[in-house]
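# Prediction below, plus the sequence it came from.
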Amino acid sequence: LVTHRRIHTGERPFACPDCGQAFMAAKSLSKHRRARHSGGFACPECGRSLSSLPALVAHRRIHSGERPYECPDCG
C-alpha cells in the first residue's frame, strides 16, 4: 500500500546513484541498475552500459542518426 500511495503523491524515494533517475520502489531501482549500469558493453559516446553487442549497435544509432529501416507505407 505504501508503494501504491506513491502513485498519487508522486514520491520517488529511490534514486539511482549512477544517473540520478528516481523510482517509487526499490525493486524498480534494482531492475534499472541491472539493465542500464551493469552490462558489459559501454557506449563510447555517452557511457551507457548495455547487456549485449547487438543492443550497443542499436543504441549507437541514436548518436549517429542512422535509420537502417524504412517504413513501406510512409518511407
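Happy to help now that I have it. Treat the numbers as computed from the prediction; the structure is a model and nothing was measured.
# CA atoms for contacts and neighbours, from now on please.
Will do.
# gap between the two ends of stretch 41-53?
Distance across stretch 41-53, first residue to last, is 6 Å (CA to CA, to the nearest Å).
# Other residues contacting it?
With contacts defined as CA atoms under 8 Å, 6 or more residues apart in numbering, stretch 41-53 is touched by 35-40, 56, 59-60, 63.
# what about stretch 5-14, start to end distance?
One end of stretch 5-14 sits 15 Å from the other (CA to CA).
# I figured Ala25 was touching Thr3, is that so?
Yes: Ala25 is in contact with Thr3 according to CA atoms under 8 Å; the separation is 6.4 Å.
# Which one of those two is surrounded by more residues?
Ala25 (17 against 12; other CA atoms under 10 Å).
# which residues does that one contact?
For Ala25, the residues meeting the contact criterion (CA under 8 Å, 6+ apart) are 3, 12-14.
# Please, a PyMOL command that selects the buried ones among those residues?
Filtering those down to the buried ones (16 or more other CA atoms under 10 Å) takes a single PyMOL command:
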select buried, resi 14
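# so which of the contacts of stretch 41-53 comes closest to Pro72?
For Pro72, the nearest member of the contacts of stretch 41-53 is His59. The distance, counting by CA to CA, is 22.9 Å.
# Which of the helices or strands spans the closest one?
Element membership for His59, per DSSP states H and E: helix 53-64.
# Could I get the buried residue list for that helix?
Along helix 53-64, the positions that meet the burial threshold by neighbour count (16+ other CA under 10 Å) are 56, 60.
# And stretch 8-19, by the same measure?
Going by 16+ other CA under 10 Å, stretch 8-19 has these buried residues: 14, 16.
# Quick check, central residue of this structure?
The central residue of the chain, meaning the one whose C-alpha is nearest the mean C-alpha position (CA atoms, centre = their mean), is Arg36 at 5.3 Å.
# what sits opposite the closest residue to that one other than its chain neighbours in the beta ladder?
On the basis of CA to CA, 6 or more residues apart in numbering, the spatially nearest residue to Arg36 that is not a chain neighbour turns out to be Ser49, at 5.6 Å. Applying DSSP bridges to Ser49 yields these beta-bridge partners: Ala42.
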